[in-house]
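A.B. asks: curious how this folds, go ahead:
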Amino acid sequence: MEKLIIVRHGDYDKDSSHLNDKGSADIKQLAEQIRPLTDSHSVLVLSSPIDRAIESALILSNTLHVPAVYCDALRSECQGDMDLDGALSLIHEKSDMANIIVVVTHIEYTDNFPAHFFKHEFNTKAPYMHLEKGEAAIIDCASRTLTKVA
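C.D. replies: Numbers count the residues shown, from 1 in each chain. Below you'll find the model as predicted:
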């Protein structure tokens, strides 16, 4: 795996947990920003099985023309509800399937997983980066850097 792209799902309607128009538009725009990074690479989208994440993952996978896989290890429905080791194991398990893995998940993971990944993979600290809904960060494994998709 060359790159790990961590995506926070798009904005959603609190009553239904489905993406609203803003959330869909933000993820479509993000997918277009990510597309040039994925050209001529094998890509896999991994997603939480919660509606807003599934819908975000579908937009990304359709735009990038790659498969999406839904994984309980990326599920989160309340603050503190996460399995960072499970998410890391999942990424290790899938890393031979793609050069770039796109992970679509929730704030608990987007705020905490980069530090966990850097600690376990690179034995170093990651800079803290907060992602709003519909934003993404890229971990470049070769350069060991974390950058926000702009």
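A.B. asks: residues near the nearest residue to Asn20 once chain neighbours are set aside, how many?
C.D. replies: Nearest residue to Asn20 in three dimensions, chain neighbours excluded: Asp13, at 5.0 Å (Cβ to Cβ, 6 or more residues apart in numbering). No exception for glycine: its C-beta is placed from N, CA and C like everyone else's. Neighbour count of Asp13, defined by other Cβ atoms under 10 Å: 13.
A.B. asks: what's opposite the residue lying closest to Val149 once chain neighbours are set aside in the beta bridge?
C.D. replies: Nearest non-adjacent residue to Val149, counting by Cβ to Cβ, 6+ apart: Ala136, 4.3 Å away. Listed by DSSP bridges, the beta-bridge partners for Ala136 are Val7.
A.B. asks: you'd agree Ala136 is up against His9?
C.D. replies: No - at 10.5 Å, Ala136 and His9 do not qualify as touching, with contact defined as Cβ atoms under 8 Å.
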